[in-house]
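**Q** The following block contains a protein sequence and its predicted model.
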Amino acid sequence: MSKKKSLFITFEGIEGSGKSYQSKILYRKLKKIKIPVILTREPGGTKGAEKIREIILKDYFDFKPSEKFNKYTDTLLYLAARNEHVEKKLIPAISKKKTIICDRFIDSTTAYQVYGKKVNKNLIDSVHKHILGKLKPDLTFILKTKVSKALKRLKKRKIKNRYDKFSKNFYKKVQSGFIKIGKTNKTRYIVLDNSSDTNTAEKIIFQKVIKLLKHEKI
């Protein structure tokens, strides 16, 4: 299959929604049909951004509330990691006409920080204006799931990070935020229910991406 342009595809959703799994599946499928593609994540994706990720995760496991980062410090660290990621990985990949699959991007910041933690959205928008320029995803899959199902999936994880430690109510609040975001642009956002452990979502995702790669209407 020939490809005329690069695509920037992001996966969003709460922990346990299956976004990381689906992003990996899509990556393997595109590699198999010889599409130039990279798989990356946020926070992280570059050496510097991964170091910032470690700082964020380490902070969250400090059980002394007085020692935890303020929510704005936390948010700015995410944005700092994003700046590194954009400059050193995303922009170079786009210039090489590679398709990008990213596990979390700007919508996670809005859902978790703005809807979840009530961080001022104007701050985030202002920083994004400077570090993103015109960069934005071409297609975003928002995976929703029953929170009870997500929590069951999280319990099976051998290694847990900060994202696996939030309360059930917090996840509900964040997922509601994601769904609201998904309604803002029906062309870019595709909201899929991924509660069942079947390959239904996987098939839909691949079909949507192939259609876009062929420049067909989604």
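**A** Looks like it arrived, so ask away.
**Q** who touches stretch 122-137?
**A** 8-10, 72, 75-76, 79, 82-83, 86, 90-91, 94, 102, 105-106, 109-110, 113-114, 188 (CB atoms under 8 Å, 6 or more residues apart in numbering). For the C-beta atoms, the positions are set from N, CA and C on the backbone; glycine is no exception.
**Q** could you redo the last one with a cut-off of 10 Å?
**A** 7-12, 72, 75-76, 78-80, 82-87, 90-91, 94, 100, 102, 105-107, 109-110, 113-114, 120, 185, 188-189 (CB atoms under 10 Å, 6 or more residues apart in numbering).
**Q** next SSE after the least confident helix or strand in the chain by mean pLDDT?
**A** None of the helices or strands of the chain scores lower by mean pLDDT, DSSP states H and E than helix 147-155, at a mean of 80. Next along the chain after helix 147-155, taking DSSP states H and E as the criterion, comes helix 168-182.
**Q** Next, the angle from the helix or strand following that following helix to helix 168-182.
**A** Downstream of helix 168-182, the first helix or strand assigned by DSSP H and E is strand 189-193. Here strand 189-193 runs at an angle of 140 degrees relative to helix 168-182 (axes from the mean of the first three to the mean of the last three CA atoms, to 10 degrees).
**Q** and strand 189-193, average pLDDT?
**A** Per-region confidence: strand 189-193 scores 95 on mean pLDDT.
**Q** Output the below-cut-off pLDDT ranges for the chain.
**A** Residues of the chain meeting the criterion pLDDT under 70: 1-4, 59-67, 157-165, 215-218.
**Q** switch the cut-off to 80
**A** For the chain, applying pLDDT under 80 flags the ranges 1-6, 58-68, 151, 154-166, 197, 215-218.
**Q** Where do the helices of it begin and end?
**A** 19-32, 47-60, 71-85, 91-95, 106-108, 121-132, 147-155, 168-182, 200-213 (DSSP state H).
**Q** and the gap between residue 76 and residue 25?
**A** 33 Å (CB to CB, to the nearest Å).
**Q** who touches residue 121 in this structure?
**A** By CB under 10 Å, 6+ apart, residue 121 lies in contact with 109-110, 113-115.
**Q** in terms of contact, does residue 12 touch residue 110 like I think?
**A** Yes. Look at residue 12 against residue 110 with CB atoms under 10 Å: they come within range, at 9.4 Å.
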